[in-house]
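Asker: Okay, here's the prediction I keep looking at, along with the sequence it came from:
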Amino acid sequence: MGREQWKKIWVGSAGNMVEWFDWFVYASFAVYFADAFFPKGNDTANLMNTMGIFAVGFFMRPVGGWLLGRIGDRRGRKAALTLTVSLMSASAVLIAIAPTYAVAGYGGIAVLLVARMLQGLSVGGEYAASATYLTEASAPERRGFASSFQYVSMTAGQLLGLGLQIILQRSMSEQALHSWAWRIPFIVGALGAGIVFYLRRSMLETEVYADDDQAQTDPDRGTMKALWAHKREAFLVIALTMGGTVAYYTYTTYLTKYLSGSAGLSKPTASLVSFCALFLFMCLQPLAGKLSDRIGRRPLLITFAIGSTFLTVPIMTLLKHAGSFWPALGLSLLALVVVTGYTSINACVKAELFPTGIRALGVALPYAIANALFGGTAEYVALWFKNGGIESGFYWYVSGCAAVSLVVYLTMRETRTIDLHRVGKGAGDGTAERVLAS
């Protein structure tokens, strides 16, 4: 892979990293600022309210997916990626300056809500624009490897957030973290977004998009009408995302809270477990992506779904009784190795389903809908089960979602050999017929 290819991957991934740093620090620092925006009372209830606002960001993702996916298909991948990072920066600034309940009553919640809505818009478009850009910018035989850097960058953003959290936990008192220091990561996120905005202004458009005259002149490109013509592919994206997104958010954003709130580990120890597990998880992504370029996408997806369906309940049960760092790390890493079968290749699989003129919107909107319904609510569902005294019910919920996706993976055909220039231009003008088993 040449220097120009690596440059495209770096620029496309850098924004994704900052995007997910901002997205993740909200979840990871919620245990510190949950009480700042609500009246004093039940800590679990306040955390549920804070995570409810977190879920609102997911419900804005379909709007962001539609808006920014449309821009990506009509004006280019570069335009969409530049706009997402601008929205990202604005949301981080708002959270950093949001007034607490003691200062402005419920006014602080209103600011927090607006910020999360902007984050939802931004991430809703970022995923698709990044997935499309990374897939199109790579050679056909390296699409799995190149697109795996989407989750490398996402995980790097989470690691930066966790790393900052560990530093703050070890250098500041618990009182300072609850009082004001939780604002620090959002200031860092705003600064990082500004740097990425500068980088993306000079990024190159992908050749697949730039060379496709039909995609750039078609009046229906990036519209709901064009997406409806590929509705089978859109529903396929929702179904194959369902199990993966629930498992991913269970073992990433929710893991730290689960280890500290249910397994009884201290907050610093729980954060360290998550940091180490996520670092190793990040390193696995390119290896799995490269493997998919050799053996195909389906074997990895099927392995993930089988593992998540049958191992989630025992892993989560054992994690609750882990008791110390090393058992918790081993179990967390086992779970993330299973999830790698989905995360390393899901971006390219979705991008490979759609023609150039509808690829960004085709990936963005169905994926955002699936995340709004399943990924964004995963933590809230987990806390709901816990608050109801049946925490183990959540384990079965995750397994059930993975089982549904398993059925989809088993009925899919391979997408590795699909030509991105010819998707939708062959007989029947449909990719789903070639991807779904008849």
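Answerer: Structure's in. What do you need?
Asker: State which helix of the protein is the longest.
Answerer: helix 43-75 (DSSP state H).
Asker: Could you identify the helix or strand that succeeds that helix?
Answerer: helix 77-97 (DSSP states H and E).
Asker: Can you list the neighbours in contact with the next helix or strand after that following helix?
Answerer: Using DSSP H and E, the helix or strand that follows helix 77-97 in sequence is helix 101-104. Helix 101-104 is contacted by residues 36-39, 108-109 when judged by Cβ atoms under 8 Å, 6 or more residues apart in numbering. For glycine as for every other residue, the C-beta is placed from the backbone atoms N, C-alpha and C.
Asker: Which strands or helices does the one helix or strand Cys283 maps to pack on?
Answerer: Assigned by DSSP H and E, Cys283 belongs to helix 267-295. Helix 267-295 sits against helix 143-147, helix 149-171, helix 255-261, helix 298-320, helix 325-343, with contacts defined as 3 or more Cβ pairs under 8 Å, 6 or more residues apart in numbering; DSSP states H and E.
Asker: doesn't Thr312 make contact with Ser399?
Answerer: Yes. Ser399 lies in contact with Thr312 (Cβ atoms under 8 Å); the separation is 4.5 Å.
Asker: more crowded one of those two?
Answerer: Using other Cβ atoms under 10 Å, the more surrounded residue of Ser399 and Thr312 is Thr312, with 26 against 19.
Asker: so who does that one touch?
Answerer: Applying Cβ under 8 Å, 6+ apart, the residues near Thr312 are 247, 250, 335, 395, 398-399, 402.
Asker: rerun at 10 Å
Answerer: 243, 246-247, 250-251, 335, 338, 394-402 (Cβ atoms under 10 Å, 6 or more residues apart in numbering).
Asker: now those residues: which count as buried?
Answerer: The neighbour count (16 or more other Cβ atoms under 10 Å) marks 243, 246-247, 250-251, 335, 338, 394-395, 397-399, 401-402 as buried among these.
Asker: could these go into CSV alongside secondary structure?
Answerer: As requested, the buried ones among the contacts of Thr312 are exported to CSV (DSSP: H, G, I helix; E, B strand; the rest coil):
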residue, secondary structure
Gly243, helix
Val246, helix
Ala247, helix
Thr250, helix
Tyr251, helix
Ala335, helix
Val338, helix
Phe394, helix
Tyr395, helix
Tyr397, helix
Val398, helix
Ser399, helix
Cys401, helix
Ala402, helix
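Asker: quick one: which of those is nearest to Val188?
Answerer: Among the buried ones among the contacts of Thr312, Tyr251 lies closest to Val188 (Cβ to Cβ), at 24.3 Å.
Asker: pretty sure that closest one contacts Ala328?
Answerer: No. Using Cβ atoms under 10 Å, Tyr251 is not in contact with Ala328; the gap is 11.9 Å.
Asker: Show me whatever sits in contact with both of these two.
Answerer: Counting by Cβ under 10 Å, 6+ apart, the residues touching both Tyr251 and Ala328 are 258, 274, 277, 319.
Asker: Now do the contacts for the second one.
Answerer: The reference is to Ser274. Counting by Cβ under 10 Å, 6+ apart, Ser274 has contacts 28, 158-159, 161-162, 165-166, 251-260, 328-329, 332, 336.
Asker: With the first one instead?
Answerer: Contact criterion Cβ under 10 Å, 6+ apart gives 250-251, 265, 270, 274, 316, 319-320, 328, 332, 379, 382-383, 386, 391, 394 as the residues in contact with Tyr258.
Asker: Now for the residues you listed, which sits with the most neighbours around it?
Answerer: The most neighbours of any of the contacts of Tyr258, using other Cβ under 10 Å, belong to Ser274, which has 31 neighbours.
Asker: picking up where we left off before, from the contacts of Thr312, which single one is nearest Met282?
Answerer: Taking Cβ to Cβ as the measure, Met282 lies nearest Tyr251 of the contacts of Thr312, at 13.0 Å.
Asker: and the closest one, what pLDDT?
Answerer: Per-residue confidence (pLDDT) for Tyr251: 94.
Asker: Can you tell me how far it is from Lys7?
Answerer: Computed as Cβ to Cβ, to the nearest Å, the Tyr251 to Lys7 distance reads 32 Å.
Asker: Same question for Val188.
Answerer: The gap separating Val188 from Lys7 is 25 Å, by Cβ to Cβ.
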